[in-house]
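*Asks:* I would like the atomic coordinates for the input below:
(chains A and B)
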Amino acid sequence: MPRYIVQRTFDAGLEIPVSDEGAKTCQAVVGGNAGYGVTWVHSYVSLDKTATFCVYDAPSPEAIRQAAGVNGLPVDQITEVSVLDPYFYH
Amino acid sequence: MGRVRFDADPAAARSGLGHGPGVRRRAGRRHHRGCAQALVGADPAQLAYHAEEAGDRNAVLRYAREAARRATAIGASRQAADQYARALRFAAALPPADRAELLEVYAEAGDVIGDPAVLTASATALECWRAAGDQAREAALLARRAHYLWSAGEATAARQAVADAMELASRLPPGPALAAAYTWSAYLLMLARESGRAVEAGERAVELISVYGPPQLLTRALNAVGTAHWLTDPALAEETLGRAVEAARAAGDDAGVGWALLNLGSGAGEIRAYPVAERALRDAIEWGADRELERVRSYAAAWLARCRFERGDWPEATRLLHAAETSHASVATGIVRLTVLGRLRARRGDPGAGEALTEAWELAERTGDLQRRWPAAAARAELAWLSGRPSAEIRTLVKPVYEQAVRLGHPWAVGELGEWLALADGLTAEAGQGKRGAEPYRLPPAEAARAWERLGCPYEQATALARAAEPTESLVQALALFEQLGARPAADRVAARLRALGVRPPRRSTLAHPSGLTAREAEVLALIQADCSNAEIAGRLSISAKTVDHHVSAILAKLGARSRGEAAELAAGWHGEQAGPR
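*Replies:* This next block holds a predicted model:
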């Protein structure tokens, strides 16, 4: 399954608190993704919270977009990636 | 024989042989013969099964063929093919003419479900007709087989087969064989967009069929003639294809109805007559799905995906592309699907555009047909341009197909490819239209944009606006359209041009609603602003309190708000600003 980086922009700044509220939001996203075979691995968030870089495993970029549609998440850019880790070169 | 089966078998009870594995192993064939006797008057499919297990050749041939006929009548194409295959397992000793008949109906049934055995079965049938010395049936089958070959992507072999059929049939007195040769010639010519010759051959076929039959071919001949008329006389095309649908219905030809609806839809789609196209394609999908006509259903889904894509409904196009993905899809379905997928990715800036389009192009090239090469070439040119590849590359991709388009006189192909050629040569887009491009391509940018808007093609509308001579306002409009579609590369190009002109592009919003709320979330937010509690919101929207809870969490997250009150305040602030023209 290919891995993708998904860039998103949240104009008002994304706020997912570390609480039950936040957990519910994350669970809802995971649920929405499941219908399309899309797995949210984890995300990196800019300090001002307006940009996120999300690591996803998915069958295709279309599946990512369909899942994003269901979850109401914006998609700016999808890039297919492979992992480069200094440890692998040890 | 004598396979042991442990599932409940009512026939066993009735035959008095009892249940249990021991009983079965001993009974074997005798058991199945007993079952068959006990079940006289029952479903031929069951009788055929028992006959096969009993090794009773005559019974198999009789019941399997009956079962297949019944299955075809109710549109259970898969079962029909399976029953014919069963009969064929016992057909080796049949006289060649009977065996050929059986192979022919098997191939017909297999064709609609996309069974790859169609080619070998029909080849064997040809040998049988030769062994039986029946040249008329041989010629008719050669012609029919040409379309099987074409569906498998073997365009050259297909054209040869139809030529062989015509040669053989012409040596015989006129009859159904000659009618078949003209029908399938017309059909292949239509597929190659040789419209004039297709109409000529098709009309000759209709004449021959009316005198000599067979009536089942009439729908195909009308289909060929009707489809060939799309470029010159769309009203006549629609009417003739309507007659093709009726002819198929009258002959009880489910597959024929499917193909006629399909060509009504795809033909209209090719000239961007979207309302007619989409209606016919949806009918074809429903018809194909109901009657297990996999080839019809999947091809129609791919074509509807193309129409919805061109109309800017990219989410629905995505869903339809998925529906068009099927094992045993015809080569044509694959080409349409891959081309649309590649274009979609290219316009969105998503990965995998190049791979999809390269595959589409290679498949298209092998068919040599304009209707396949043109969209693939245009899509590759577009991807190259959006990726900033050199003009020389674009020119190489487009030129040979453009020349074919000009030769065949196809205004939409000439228009689209001509535009890319002109762009590659550094000319204005209209300059590439010397040879009869379709209307929007021949117009200057502002008028072209309006023409594309009337057709319902927002991406082309935006592209035209971006070329217009009044830079700022039309560039801003183009940007808004591209943003709404999610056309990232095109939007970025336009935004860069605006910045170069010293104009700050309006704030980006990748979804229709500010801050990316879904429609439902927006409803909930509106009720929060109206000071409703979660329970009240649940009541108003007829959803559970738990669902309201989820929506509220999502709203807070997206708005960057820490409380409902804060969210309401933020929302109140939106009405002051609008992001660009709507």
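*Asks:* In terms of helices and strands, where is residue 29?
*Replies:* Just so you know, I chose chain A. In the assignment (DSSP states H and E), A:V29 maps to helix A:20-34.
*Asks:* Chain B is the one I meant
*Replies:* helix B:21-38.
*Asks:* C-terminal to that helix, what's the next element?
*Replies:* helix B:44-54.
*Asks:* Work out the gap between that next one and the centre of the chain.
*Replies:* 37 Å (C-alpha atoms, centre = their mean, to the nearest Å).
*Asks:* Same question for stretch B:327-338.
*Replies:* 7 Å.
*Asks:* same deal with stretch B:454-462?
*Replies:* For stretch B:454-462, the distance to the chain centre is 22 Å (C-alpha atoms, centre = their mean).
*Asks:* Ok, stretch B:467-475 next?
*Replies:* Remark: stretch B:467-475 is offset 37 Å from the chain centroid, using C-alpha atoms, centre = their mean.
*Asks:* Provide the contact partners of the lowest-mean-pLDDT helix or strand in chain A at residue level.
*Replies:* When the helices and strands of chain A are scored by mean pLDDT, DSSP states H and E, helix A:20-34 comes last with a mean of 87. With C-beta atoms under 8 Å, 6 or more residues apart in numbering or on different chains as the test, helix A:20-34 has contacts from A:16, A:39-40, A:67, A:70-71, A:73, B:549-550, B:553-554, B:556-557. (C-beta placed from N, C-alpha, C; glycine too.)
*Asks:* any idea how far the most centrally placed residue in chain A is from chain B?
*Replies:* For chain A, the residue nearest the mean C-alpha position is A:C54 (3.4 Å; C-alpha atoms, centre = their mean). Counting by C-beta to the nearest C-beta, to the nearest Å, the gap from A:C54 to chain B is 14 Å.
*Asks:* tell me which element the closest residue to B:A100 other than its chain neighbours falls in.
*Replies:* Once flanking residues are discounted, B:A100 sits nearest to B:C128: 3.6 Å by C-beta to C-beta, 6 or more residues apart in numbering or on different chains. Using DSSP H and E, the element containing B:C128 is helix B:118-132.
*Asks:* other SSEs contacting the helix or strand that that helix is followed by?
*Replies:* Counting by DSSP H and E, the element after helix B:118-132 in chain order, helix or strand, is helix B:135-151. Secondary-structure packing of helix B:135-151 (3 or more C-beta pairs under 8 Å, 6 or more residues apart in numbering or on different chains; DSSP states H and E): helix B:96-113, helix B:118-132, helix B:155-170, helix B:176-191.
*Asks:* could you redo the ones you listed as CSV and give each row mean pLDDT?
*Replies:* Converted to CSV, these look like this (pLDDT from 0 to 100):
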stretch, mean pLDDT
helix B:96-113, 92
helix B:118-132, 96
helix B:155-170, 96
helix B:176-191, 96
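*Asks:* Would you map the helices across chain A?
*Replies:* A:20-34, A:61-71 (DSSP state H).
*Asks:* dump the residue contacts of the most centrally placed residue in chain B.
*Replies:* The structure's chain B has its C-alpha centroid closest to B:Y299; by C-alpha atoms, centre = their mean the separation is 2.2 Å. Counting by C-beta under 8 Å, 6+ apart, B:Y299 touches B:262, B:266, B:324, B:329-330, B:332-333, B:336.
*Asks:* and it, what element?
*Replies:* Short version, using DSSP H and E: B:Y299 is in helix B:294-310.
*Asks:* Following element in sequence after that helix, please.
*Replies:* In N-to-C order, the element after helix B:294-310 by DSSP H and E is helix B:314-324.
*Asks:* following that following helix, which helix or strand comes up?
*Replies:* Counting by DSSP H and E, what follows helix B:314-324 is helix B:331-348.
*Asks:* Check whether that next one comes near chain A.
*Replies:* Yes - shown here: helix B:331-348 in contact with chain A (C-beta under 8 Å from any C-beta of the partner chain) through B:341, B:344-345, B:348.
*Asks:* among those residues, who's most crowded?
*Replies:* B:L341 (30 neighbours; other C-beta atoms under 10 Å in any protein chain shown).
*Asks:* Confirm for me that that one is in contact with B:L320.
*Replies:* No - if you go by C-beta atoms under 8 Å, B:L341 and B:L320 don't touch, sitting 10.7 Å apart.
*Asks:* Show me which residues of chain A sit near chain B.
*Replies:* A:4, A:9-17, A:21-22, A:24-25, A:28, A:49, A:60-62, A:65-66, A:69, A:72-80.
*Asks:* Buried among those? Make that a PyMOL selection.
*Replies:* Those of the residues of chain A next to chain B that count as buried under 16 or more other C-beta atoms under 10 Å in any protein chain shown are selected in PyMOL with:
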select buried, chain A and resi 4+9+10+11+12+13+14+15+16+21+24+25+28+60+61+62+65+66+69+72+73+74+75+77+78
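*Asks:* separation between the residue nearest to the centre of chain B and B:S266?
*Replies:* Distance of B:Y299 to B:S266, computed by C-beta to C-beta, to the nearest Å: 8 Å.
*Asks:* Please apply the same query to B:A143.
*Replies:* For B:A143, the distance to B:S266 - C-beta to C-beta - is 23 Å.
*Asks:* quick one: which of these two has more around it?
*Replies:* B:A143 (29 against 25).
*Asks:* just for the chain, where's the confidence low?
*Replies:* Just so you know, I chose chain A. Along chain A, the model assigns pLDDT under 70 to residues A:90.
*Asks:* actually chain B
*Replies:* B:1-28, B:36-41, B:428-435, B:469, B:507-519, B:573-582.
*Asks:* Which segments of it make up each domain?
*Replies:* B:134-252, B:451-508, B:516-574 (automatic domain parsing).
*Asks:* Single out the most deeply packed of those domains.
*Replies:* domain B:134-252 (a mean of 21; mean count of other C-beta atoms under 10 Å in any protein chain shown).
*Asks:* Run the chain-centre distance for the helix holding A:V29.
*Replies:* Averaged C-alpha coordinates place helix A:20-34 at 12 Å from its chain's average position (C-alpha atoms, centre = their mean).
*Asks:* same deal with stretch B:224-231?
*Replies:* The answer for stretch B:224-231 is 18 Å, by C-alpha atoms, centre = their mean.
*Asks:* and if you look at stretch B:364-378?
*Replies:* 15 Å.
*Asks:* what comes into contact with it?
*Replies:* Defining contact as C-beta under 8 Å, 6+ apart, one finds that stretch B:364-378 is touched by B:150, B:153, B:155-156, B:191-193, B:270, B:306, B:331-332, B:335-336, B:339, B:342-343, B:357, B:360-361, B:363, B:397-398, B:401, B:404-405, B:408, B:410, B:413, B:416-417, B:420.
*Asks:* Quote the end-to-end distance of it.
*Replies:* 12 Å (C-alpha to C-alpha, to the nearest Å).
*Asks:* buried stuff in it?
*Replies:* B:364, B:367, B:369-378.
*Asks:* could you give the angle of the host helix or strand of B:D492 to helix B:331-348?
*Replies:* Using DSSP H and E, B:D492 sits within helix B:488-500. With axes from the mean of the first three to the mean of the last three C-alpha atoms, to 10 degrees as the basis, helix B:488-500 and helix B:331-348 are set at 30 degrees to each other.
*Asks:* Centre of the chain to helix B:488-500, how far?
*Replies:* Using C-alpha atoms, centre = their mean, the offset of helix B:488-500 from its chain centre is 34 Å.
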